[in-house]
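>>> how would this look folded up:
(4 chains)
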There are 4 protein chains.
Amino acid sequence: MESKTGDFMSQIGVAIIGGTGMGAGELLRLLLSHENAEVVSVASRSSAGKPLVSAHPHLNGLYDLNFDEAVNWCLLADYSQRVIFSTLPHKVSSKVIAELHPKCVSENVKLIDFSGDFRIQNPDLHRKYYPEVDPEIALRRQFVFGLPEINRTKLREASFTANPGCLASAAILSLLPLVPHEIKQTIAVNAVTGSSGAGRELRATTHHPIRRSNMFAYSAMSHRHQGEILESLETCAGSKPEISFVTHSTPLSRGIYVTSYATLEKSVSKNAVCDWYQEFYKGHPFIRLVERAEVANVVGSNFCDISIYAEGSKVVACAALDNLIKGMSGQAIQNMNLMFGLTEEAGLRAGGLRAV
Amino acid sequence: MESKTGDFMSQIGVAIIGGTGMGAGELLRLLLSHENAEVVSVASRSSAGKPLVSAHPHLNGLYDLNFDEAVNWCLLADYSQRVIFSTLPHKVSSKVIAELHPKCVSENVKLIDFSGDFRIQNPDLHRKYYPEVDPEIALRRQFVFGLPEINRTKLREASFTANPGCLASAAILSLLPLVPHEIKQTIAVNAVTGSSGAGRELRATTHHPIRRSNMFAYSAMSHRHQGEILESLETCAGSKPEISFVTHSTPLSRGIYVTSYATLEKSVSKNAVCDWYQEFYKGHPFIRLVERAEVANVVGSNFCDISIYAEGSKVVACAALDNLIKGMSGQAIQNMNLMFGLTEEAGLRAGGLRAV
Amino acid sequence: MESKTGDFMSQIGVAIIGGTGMGAGELLRLLLSHENAEVVSVASRSSAGKPLVSAHPHLNGLYDLNFDEAVNWCLLADYSQRVIFSTLPHKVSSKVIAELHPKCVSENVKLIDFSGDFRIQNPDLHRKYYPEVDPEIALRRQFVFGLPEINRTKLREASFTANPGCLASAAILSLLPLVPHEIKQTIAVNAVTGSSGAGRELRATTHHPIRRSNMFAYSAMSHRHQGEILESLETCAGSKPEISFVTHSTPLSRGIYVTSYATLEKSVSKNAVCDWYQEFYKGHPFIRLVERAEVANVVGSNFCDISIYAEGSKVVACAALDNLIKGMSGQAIQNMNLMFGLTEEAGLRAGGLRAV
Amino acid sequence: MESKTGDFMSQIGVAIIGGTGMGAGELLRLLLSHENAEVVSVASRSSAGKPLVSAHPHLNGLYDLNFDEAVNWCLLADYSQRVIFSTLPHKVSSKVIAELHPKCVSENVKLIDFSGDFRIQNPDLHRKYYPEVDPEIALRRQFVFGLPEINRTKLREASFTANPGCLASAAILSLLPLVPHEIKQTIAVNAVTGSSGAGRELRATTHHPIRRSNMFAYSAMSHRHQGEILESLETCAGSKPEISFVTHSTPLSRGIYVTSYATLEKSVSKNAVCDWYQEFYKGHPFIRLVERAEVANVVGSNFCDISIYAEGSKVVACAALDNLIKGMSGQAIQNMNLMFGLTEEAGLRAGGLRAV
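As a prediction, this is how the structure comes out:
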């Protein structure tokens, strides 16, 4: 692939670490339609030297790259603007990033991390949900939590961004406009996810003969994403909300559906709640408030669709998104856009596929 | 098909109304392995005269019957024990049953109704959820709510049984042992269902090209099944519980998964809650308490698998069942077994399919 | 939606007829990423006046149009280049087009038809497969069959294009490079398709509860697409090939997989056959010759992946494509690009989704 | 589980080797409804000592057994009739069976093998498709190929049965009545299978996120099952047929669909071909000749549904079956029934599930 424009000055040079995984594959796919970004180096220790297409056969003919052993800094250096996406799993990512960090700073290369290692600032929450990860607190503090609907302003200044978890994104977005209001009791947050959230690694729970017609809860009230959900909601609510968070597997590949159940101190009309959401998400291009949020309408897009129901003091908010896009690689590009002063939607204007 | 035994005296003669639907199809399929029941008449106004196999091609070679215009009482009369299953939709079923009732009483024919028309006894609840249905209250009072885990004793004496709703069955079973304990607040009941619950009728929401990768909430806090859930839980709890009930469609065909979120007045251990469930369901052959309830393990069977999670005062109970079996036709046979003094498991000993 | 560039002169103004269907929806989705085309009018008699989003909720926020009763020629007139896509079903489309044709000619508006009405030139073949359709032969002669891999040169001059059938596209592409070689006997062409090929209309065969785990043959040796397959192969082979064509439904939504079985007069190596295909498809950007054609690699893209197997004189060619894209709306855009002198790939550079 | 009847004399004692796999699981599930067979020992080296339910959670509450290290001969000895099912993979199974064989003979224990090791009698064919397997030819000769529609009479006398492959069963059954007629050329046999055919082992091709929307050919013209297909067809046709056999994966879990394309020397009517099939399969209880064979109608049952199409001299035969039942464990039970003089349908009277 040649430079899209031949003009290295106006383009963002992109390097990706962890290049064989699903997150990397989706990033590569999405960046094809980004006019201001060019992938120059895709690193994978296990596949170094092999063609990128060996891991991503759907991108055949679209990328003419081989996997690098590590980020190719020389190629990156051609670009005046540069970003590294680390799509490594947690624990691994923080180690690699700790090594890269000084060079990123000195070379003025921004970094977006897909792992959970840098998402939580509160030390107690971090320790509870990532006991085995310990990036220096000083390093963690340099990361902005990459949910643009909360941190858009900060992201415009950020050099290091911690991309949120897919389930966390949906859960937080379903509740953000609600939590500043007086909530009476524990919020039940029911999350359902497709299998692509589990990534490339083969597992018994993603074995097709059984997963095809299965549904089950996992990590009930113990899922790691609770940490970032709690921190985000607290920041927004100004108080500590209580949640009961259960995640489920369903036989989708892409797609997350979160249904959040809250009871307010007072009765409220559906219209009033909708107004809160309209107000909160005004100007956020990827949140659509709709009559009925459906996974099919967001699959393949960076949208998060939200619908609201209310009866008496009971409020239910549903959020649907594509876990590989708004829940991961699309959101990372949205963050990149903000970090480099581009339009937030750049490269992300695709609609959902609906029939798929 | 000849009589399984040639002995009309020991067999239950079965007639089915609404014979082309999915409930009837599943009943026919399940009754094939019931040693004490024989289907003698399957009525369908729209398909009268056509072979049963025209609507149920999977039963080709297993039934040699044509659809009757109405129940063939003459054939039924050959049997000393007799039952009619009405699988008609609500509103329609109560009208037909009102007409059949006197003859059922005089001929000593029992009846099991699949519709919602006779499930709720409380007049206010009934009016709220079935405003347009008005079977005489006196007639409704003759029906026992057919959830054996609540009404086993009554069902042994029953002549008329109102078979529960599929979502209601799962929701009630997930909560029955919990509600007698002190629950602090609204219980969130999150239900997810496959498409076969919608039956034979074609709808936009069950159009395969879109449903295949879709998930969405419907009837949020307004689903009819709430009526029977509330009545059942109240009977068992001795007080009126508050629930927030949202149903969802997912791309399964068979299978319901309910996740119920309760907060108790006091902290409780998972073991303690499991003990409540063990105790409550002791001797109920179709309830399995398991580490992880999964739809794949119950599809094709009459089991309802339940798993429990607890943290502090928060309790989550998950229930999985096959909506066409334990949620409908299997449960109807379980009820028939009780009503005729047979072993509760007769004809229902199949295991789940897991890989399907 | 404003003009993408504000410059009406450089843009193609697009109108769509039959706007509520799946073909129209996919066209609208794909055109979002086409820099040189702008949708100005979407006609639907049944939905005139309603927002476009009422039929295509996945495009919420991306189009701010209402359905027109008929093509809005005034808006089209603003553009120096104009095209109408008719996505109406066969029989209906030819009637509407017969009426539009004079105005298209006088106003210099090009037209691309999705129906089968104008695809076949041979009168006998046409009569055999579309007995009830009779667009004047003179009108039919003005249409070019829109498979760029055969007719690229003609399409560059075309004003009226008959977009090929989805199954036909896959079948023809699997066989084109092979048929000029000496084939001994009937070619078996086994086609398998997802449910979105059936479109928006509800049918028993696309009812999710049953289709979800079903597979079956339909229109065995009688499918309409045989006409255009035979005509295309004959044109290319220079002789009449014999085929045995059976189509099947499988529980995909998007995706067609064709496996063609030929026996040659002589033994041949896999390499030799691959060379024929490489040679034939050189310079055709949407044909990828791969080790293993897979539906997952083409879903969401305009690619047709082809793989070859050979043993002795037996050759098998497999072709995979997305029926809504390379099998329909993507191919229509590819045709539009050729008809207007644009790069063939314009707006069609997306990769497959793989995990979906 | 106690003895079903308490009467060891009238029951068949069953042992299973390879007990954690899908074939074993399905055997266990099906045997629950067999009145004359009782599972006494399930062997698995890897899981010895663990409860059977650890590998087969869907059978929870239905079997109260732990896995044995090896067949428990003592328990078997209680029964006057005894059978061992080996569900081990090929190569492994022949080794284990070579060791068991003398004891089986001396103790009069019958054996049914699920692997490919003993299916092919012709030494050249065997060597071609199983080059690495070499059970003594003398031992192989003691096995009857367990397709009851060919070998019913021999199976009634058999002590050792080689259960056919799933794809082979469907392919052979689609063609058996046709091959005695004059076939002009290579028969194309197109087979499509669900993922459960791959068994319990995790593979990239059965990873749910990708398999869910995928379809692809594999082992084109090189699949092992070709050996037994060729041998069976030759036996029946009296001459060597030529086939071109390609297998495909589709996102079903259960289900095989085979479409066979033949060209006869002369033209033939559909009715005539149907008569050949009717005649051939008369009295075979698990073959249903139907207007349209569909996977949904056979899933969960031991039926193989066949439909026929003809045009001129071209004939197409479609066969649908459940690969885990008529393609494996159900057929094994059918064989057991024949080997022990029981009704062929014993324990196998279930209908298909259709909606699943």
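
>>> Spell out which parts of the stretch 51-200 of chain A neighbour chain D.
Taking CB under 8 Å from any CB of the partner chain as the measure of proximity, the stretch 51-200 of chain A contacts chain D at A:194, A:195, A:196, A:198, A:200. Where C-beta positions appear, they are placed from N, C-alpha and C, glycine not excepted.

>>> which among those gets closest to chain B?
When those are compared for distance to chain B (CB to the nearest CB), residue A:194 wins out at 8.5 Å.

>>> is the nearest residue to residue A:193 once chain neighbours are set aside in a bridge, and if so with what?
Of all residues beyond its chain neighbours, the one nearest residue A:193 is residue A:256 (4.9 Å), with distances taken as CB to CB, 6 or more residues apart in numbering or on different chains. In this entry, residue A:256 is beta-bridged to residue A:193, residue A:321, by DSSP bridges.

>>> quick one: contacts for residue A:256?
A:166-167, A:169-170, A:191-194, A:197, A:295, A:319-323, A:327 (CB atoms under 8 Å, 6 or more residues apart in numbering or on different chains).

>>> Next: residue A:146.
By CB under 8 Å, 6+ apart, the residues touching residue A:146 are A:112, A:155, A:158, A:161, A:162, A:163, A:164, A:331, A:332, A:335.

>>> Would you map the helices across the stretch 51-200 of chain A?
A:52-55, A:73-77, A:92-107, A:123-129, A:137-140, A:148-157, A:166-175 (DSSP state H, counting those that start in this stretch).

>>> which other helices and strands contact the last one?
So that's helix A:166-175. If you count contacts as 3 or more CB pairs under 8 Å, 6 or more residues apart in numbering or on different chains; DSSP states H and E, helix A:166-175 packs onto strand A:187-193, helix A:225-237, strand A:256-263, strand A:304-311, strand A:314-321.

>>> and the angle from that helix to strand A:304-311?
Following axes from the mean of the first three to the mean of the last three CA atoms, to 10 degrees, one obtains 50 degrees for the angle between helix A:166-175 and strand A:304-311.

>>> How far does helix A:166-175 sit from its chain's centre?
10 Å (CA atoms, centre = their mean, to the nearest Å).

>>> so which of the helices and strands packed on helix A:166-175 gets nearest residue A:249?
Nearest to residue A:249, of all the helices and strands packed on helix A:166-175, is strand A:187-193, at 6.4 Å by CB to CB.

>>> Show me what the closest one is in contact with.
Contacts of strand A:187-193 with the rest of the structure, by CB under 8 Å, 6+ apart, involve A:166-167, A:170-171, A:174-175, A:215, A:229, A:241-250, A:252, A:255-262, A:323, B:188, B:190, B:192, B:215, B:244, B:248, B:250, B:259, B:261.

>>> how does it look with 7 Å?
Contact with strand A:187-193 is made by A:167, A:170-171, A:175, A:241-250, A:256-262, A:323, B:188, B:190, B:192, B:215, B:259, B:261, as judged by CB atoms under 7 Å, 6 or more residues apart in numbering or on different chains.

>>> With just CA atoms, put that strand into CSV.
C-alpha atoms of strand A:187-193 as CSV (Å, rounded to 0.1, in the frame of the first residue of the first chain):
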residue,chain,number,x,y,z
ILE,A,187,-28.5,-0.6,39.9
ALA,A,188,-28.8,-3.9,38.2
VAL,A,189,-26.6,-3.9,35.0
ASN,A,190,-27.4,-6.9,32.8
ALA,A,191,-24.9,-7.2,30.0
VAL,A,192,-25.0,-9.7,27.1
THR,A,193,-22.2,-10.1,24.7
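
>>> Just after that strand, pick out the following helix or strand.
Downstream of strand A:187-193, the first helix or strand assigned by DSSP states H and E is helix A:208-211.

>>> does the helix or strand following that following helix come close to chain B?
Sequence order places strand A:216-218 as the next helix or strand after helix A:208-211, per DSSP H and E. Yes - applying CB under 7 Å from any CB of the partner chain, one finds strand A:216-218 in contact with chain B at A:216, A:217.

>>> what stretches of chain A score poorly on pLDDT?
Applying pLDDT under 70 to chain A flags the ranges A:1-8.

>>> near chain B, which residues of it show up?
Checking chain A against chain B by CB under 7 Å from any CB, the hits are A:185-186, A:188, A:190, A:192, A:209-210, A:213-217, A:220-221, A:244, A:246, A:248, A:250-252, A:255, A:257, A:259, A:261, A:263, A:292-296, A:299, A:309, A:311, A:314, A:316, A:318, A:354-356.

>>> who wins for most neighbours among the residues of the stretch 51-200 of chain A next to chain D?
residue A:194 (32 neighbours; other CB atoms under 10 Å in any protein chain shown).

>>> Give me every residue in the stretch 201-350 of chain A lying close to chain D.
A:202, A:204, A:206, A:207, A:208, A:209, A:211, A:212, A:213, A:253.

>>> Report the buried residues of stretch A:274-285.
Counting neighbours by 16 or more other CB atoms under 10 Å in any protein chain shown, one finds that the buried residues in stretch A:274-285 are A:274, A:276, A:277, A:280, A:281, A:285.

>>> same check, this time on stretch A:68-84
Using 16+ other CB under 10 Å as the test for burial, stretch A:68-84 gives A:68, A:71, A:72, A:73, A:76, A:79, A:81, A:82, A:83, A:84.

>>> Which two among these are spaced furthest apart?
A:68 and A:81 (19.8 Å).

>>> For the stretch 251-356 of chain A, which residue gets nearest to chain C?
Sorted by distance to chain C under CB to the nearest CB, the residues of the stretch 251-356 of chain A start with residue A:352, at 3.5 Å.

>>> For that residue, which non-adjacent residue is closest in space?
residue C:58 (3.5 Å).

>>> follow-up on the earlier one: if I pick the residue of the stretch 251-356 of chain A closest to chain C, what's in contact with it?
Residue A:352 sits in contact with A:296, A:297, A:298, A:299, A:300, A:301, A:303, C:58, where contact means CB under 7 Å, 6+ apart.

>>> cool, residue A:41 as well?
A:15, A:68, A:71, A:72, A:75, A:76.

>>> go again using 8 Å as the cut-off
A:15, A:16, A:65, A:68, A:71, A:72, A:75, A:76.

>>> Can you tell me which of the residues you listed end up in strands?
Counting by DSSP state E, the contacts of residue A:41 place A:15, A:16 in strands.

>>> Among the contacts of residue A:41, which one sits closest to chain B?
Scanning the contacts of residue A:41 for proximity to chain B, where the rule is CB to the nearest CB, the winner is residue A:16, at 26.9 Å.

>>> Is the closest one in contact with residue A:84, as I believe?
Yes - contact criterion CB atoms under 8 Å: residue A:16 and residue A:84 qualify, at 7.5 Å.

>>> Neighbours of the residue lying closest to residue A:211 once chain neighbours are set aside, how many?
In space, not counting the residues next to it along the chain, residue A:211 is nearest to residue D:208; the distance is 4.3 Å by CB to CB, 6+ apart. By the criterion of other CB under 10 Å, residue D:208 has 28 neighbours.

>>> Look up how far residue A:44 lies from the closest residue to chain C within the stretch 101-250 of chain A.
Here the stretch 101-250 of chain A gets closest to chain C at one residue, residue A:196, 4.4 Å apart by CB to the nearest CB. The gap separating residue A:196 from residue A:44 is 19 Å, by CB to CB, to the nearest Å.

>>> Buried residues of stretch A:104-122, list them for me.
In stretch A:104-122, counting by 16+ other CB under 10 Å, buried: A:104, A:109-121.

>>> And residue A:17, how far from residue C:191?
42 Å.

>>> tell me which parts of chain A are close to chain C?
Looking at chain C, the residues of chain A close enough under CB under 8 Å from any CB are A:22, A:25-26, A:28-29, A:32-33, A:56-62, A:196, A:213, A:253-254, A:285, A:288, A:290, A:294, A:296-301, A:303, A:305, A:324, A:349-356.
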